[in-house]
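Asks: Quick one, structure for this:
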Amino acid sequence: MAISTRVREQMKASSWIRRMFEEGVELRREHGAENVFDLSLGNPLLEPPAEFTAVLRRIVSEETPGTHRYMPNGGFPHVRAAVARQLSHETGLRFEGPDILMTIGAAGALNVILRSILDRDDEVVIIAPYFAEYVFYIEHQAGVARVAQSSPDFMPDIASLEAALTPRTRAVIINSPNNPSGVVYPESVVAGIGGAIQAAEKRFGTEIYLVSDEPYRKLIYSDQPYPFIFNHHVRSVVATSHSKDLGLAGERIGHIAVNPADPGKTDFMDAATFSLRTLGFVNAPALMQRVVAEIQDATVDVSEYRKKRDFIYEALTGMGYRCNRPDGAFYLFPESPLKDDVRFVRLLQSKLVLAVPGVGFGTPGYFRVSYCVEDRVLEGSLKGFKEALEEALAEAR
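Replies: Here you go, the predicted structure:
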């Protein structure tokens, strides 16, 4: 088949997350779904909050002519204004409707942002461990991904970030709460990242965007306030979605929010609107825009994910796995007891437990466990985790 060479190469290096999920389908067919414990995919378990259903039913029942037609590419003005009001409340900054662009989830938002700011061979710095699709998003817009490292507790290494910044850097992408580690970057770290970017701009005479990917921002288990990026770099933009906080992953609804203080925000948003249209997204779903506009302060019951985190964290560390306790999202990122994390994940798979190797997130030697699954899956996985750890430790000896 005459397909793109680049796409063929990307397919070979495609996401370990999807690969493990697809292998899980085959295992379930072979062994029975009740005997396979799939912790590979971050597919939100919790149903949308009651507010969502109530608003959805009302809007559908009150449909007027034109409800499902095109609107301005950036989204309905009243929806963008509603998102701006919520952000103003949360950040203390003055957001307005034109600072918001409604998108096809956070993934669509990131692709729109990258297409709007990258020329061929421009560079984007990502920080390991990172969401694997970032590399493909950057390459799709003819950019080059450069990787900065983190400390052992998965906090960004500012010295490594500084070394990765070059005259070709156009953006730095951060993800907090982080997928796969669950780490939430504190204010001091976000400030350090902003400072490193500003120093590079002065050194190279360039402009660099700080892009924050925030689909897990409302899934946080501590009482610490979330450190928004806007106070730490003027050229900053958020990409987010309601896939996790409202349980709407399949509805593909999110937005871009540009820093109100960015002197180039008008050009940026004009470019983003053009990119949204010409990438083929055209506009975010009309019905979902109307619904989320009315429930900006609603979330799923985060305490349910916290209970699952506590259960699997305590169980695995009690067995002897080494792992940081995550403060957000719904993942654990334990250290692999075998140096070869892919081999260890295969060992888990032989016990009918599915996880994702850390190499897929740019951090070999670890593996990711998703705990946004039913309790019976978490409970059922423990036997396999224990057996795999015992075999790995015996082999290491």
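
Asks: I'd say residue 337 and residue 392 touch.
Replies: Yes: the pair residue 337 / residue 392 is scored as a contact, 4.0 Å apart, by C-beta atoms under 8 Å. Placement of C-beta: from N, CA and C, glycine included.

Asks: For these two, list the residues in contact with both.
Replies: Common neighbours of residue 337 and residue 392 (criterion: C-beta atoms under 8 Å, 6 or more residues apart in numbering): residue 344.

Asks: how does this protein divide into domains?
Replies: Split into domains by automatic domain parsing, the chain comes to 5-48+300-396, 50-293.

Asks: which regions of the protein sit below the pLDDT cut-off?
Replies: 1, 11-15, 18, 397 (pLDDT under 70).

Asks: Going along the chain, name the strands of it.
Replies: 37-38, 100-103, 123-127, 144-148, 169-175, 209-213, 236-241, 254-258, 331-332, 353-354, 356-357, 367-370 (DSSP state E).

Asks: tell me what the fifth one is packed against?
Replies: Right, the one you point to is strand 169-175. Helices and strands touching strand 169-175, by 3 or more C-beta pairs under 8 Å, 6 or more residues apart in numbering; DSSP states H and E, are helix 105-117, strand 123-127, helix 187-204, strand 209-213.

Asks: Check which helices and strands the second one sits against.
Replies: In this case it means strand 123-127. Checking 3+ C-beta pairs under 8 Å, 6+ apart, strand 123-127 ends up next to helix 133-140, strand 144-148, helix 158-164, strand 169-175.

Asks: which residue packs closest to residue 333, ignoring adjacent ones?
Replies: Excluding its sequence neighbours, the residue lying closest to residue 333 (C-beta to C-beta, 6 or more residues apart in numbering) is residue 181, at 4.3 Å.

Asks: before we move on, the earlier item: could you single out the most deeply buried of the helices and strands packed on strand 123-127?
Replies: Mean neighbour count (mean count of other C-beta atoms under 10 Å) peaks for strand 169-175 among the helices and strands packed on strand 123-127, with a mean of 23.

Asks: Who does that strand pair with, and is each partner parallel or antiparallel?
Replies: Partner strands and pairing direction for strand 169-175 (DSSP bridges) are strand 123-127 (parallel), strand 209-213 (parallel).

Asks: how far does the first one sit from the chain's center?
Replies: Averaging C-alpha coordinates over strand 123-127 and over its chain gives two centres that are 15 Å apart (C-alpha atoms, centre = their mean, to the nearest Å).

Asks: Ok, the last one next?
Replies: Taking C-alpha atoms, centre = their mean, one finds the center of strand 209-213 at 12 Å from the center of the full chain.

Asks: That one vs helix 105-117, what angle?
Replies: 170 degrees (axes from the mean of the first three to the mean of the last three C-alpha atoms, to 10 degrees).

Asks: just to revisit the earlier point, residue 281: which of the strands of the chain is closest?
Replies: For these, distance to residue 281 was read as C-beta to C-beta. The smallest value, 7.1 Å, belongs to strand 100-103.

Asks: Which strands and helices lie in contact with that closest one?
Replies: Counting contacts by 3+ C-beta pairs under 8 Å, 6+ apart, strand 100-103 packs against helix 77-91, helix 105-117, strand 254-258, helix 265-278.

Asks: Need the residues that contact the shortest one.
Replies: Contacts of strand 254-258 with the rest of the structure, by C-beta under 8 Å, 6+ apart, involve 75, 80, 83-84, 87, 95, 99-106, 108-109, 112-113, 215, 236-243, 265, 268-269, 272, 284.

Asks: who wins for proximity to residue 365 among the helices and strands packed on strand 100-103?
Replies: Of all these, helix 105-117 sits nearest to residue 365, with 26.7 Å by C-beta to C-beta.

Asks: Serialize the helices and strands packed on strand 123-127 to a markdown table and add fields for distance to residue 288.
Replies: Shown next, in a markdown table, are the helices and strands packed on strand 123-127 (distance: least, C-beta to C-beta, whole Å):
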| stretch | distance to residue 288 |
| --- | --- |
| helix 133-140 | 22 |
| strand 144-148 | 30 |
| helix 158-164 | 35 |
| strand 169-175 | 23 |
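
Asks: Please enumerate the helices of the stretch 201-350 of the chain.
Replies: Here the stretch 201-350 of the chain has its helices, by DSSP state H, counting those that start in this stretch, at 265-278, 286-293, 302-319, 341-350.

Asks: so who does the closest residue to residue 363 other than its chain neighbours touch?
Replies: Leaving aside its sequence neighbours, residue 363 sits nearest to residue 129 (C-beta to C-beta, 6+ apart; 4.0 Å). Residue 129 makes contacts with 150, 154, 178, 180, 181, 333, 358, 361, 362, 363, 366, as judged by C-beta under 8 Å, 6+ apart.

Asks: Neighbours of residue 390, how many?
Replies: Other residues within reach of residue 390 by the criterion other C-beta atoms under 10 Å amount to 13.

Asks: How about residue 166?
Replies: Residue 166 has 14 neighbouring residues, counting by other C-beta under 10 Å.

Asks: Next up, phi/psi of it, please.
Replies: In terms of degrees, to the nearest 10, the main-chain angles of residue 166 are phi -140, psi 180.

Asks: My guess is it contacts residue 122. True?
Replies: No: counting by C-beta under 8 Å, residue 166 sits too far from residue 122 to count as a contact (10.0 Å).

Asks: List only buried entries from the contacts of residue 129.
Replies: By neighbour count, with 16 or more other C-beta atoms under 10 Å, those hold 150, 154, 178, 180, 181, 333, 358, 361, 362, 363, 366 as buried.

Asks: which of the residues you listed lies closest to residue 261?
Replies: residue 178 (25.9 Å).

Asks: how much space between that closest one and residue 247?
Replies: Shown here: residue 178 relative to residue 247, a distance of 20 Å by C-beta to C-beta, to the nearest Å.

Asks: same deal with residue 93?
Replies: 28 Å.

Asks: Counting neighbours around each, name which of these two comes out higher.
Replies: Taking neighbours as other C-beta under 10 Å, residue 93 and residue 247 compare with residue 247 leading, 20 against 17.

Asks: OK, contacts around that one?
Replies: By C-beta under 8 Å, 6+ apart, the contact list for residue 247 reads 44, 46, 47, 48, 49, 52, 300.
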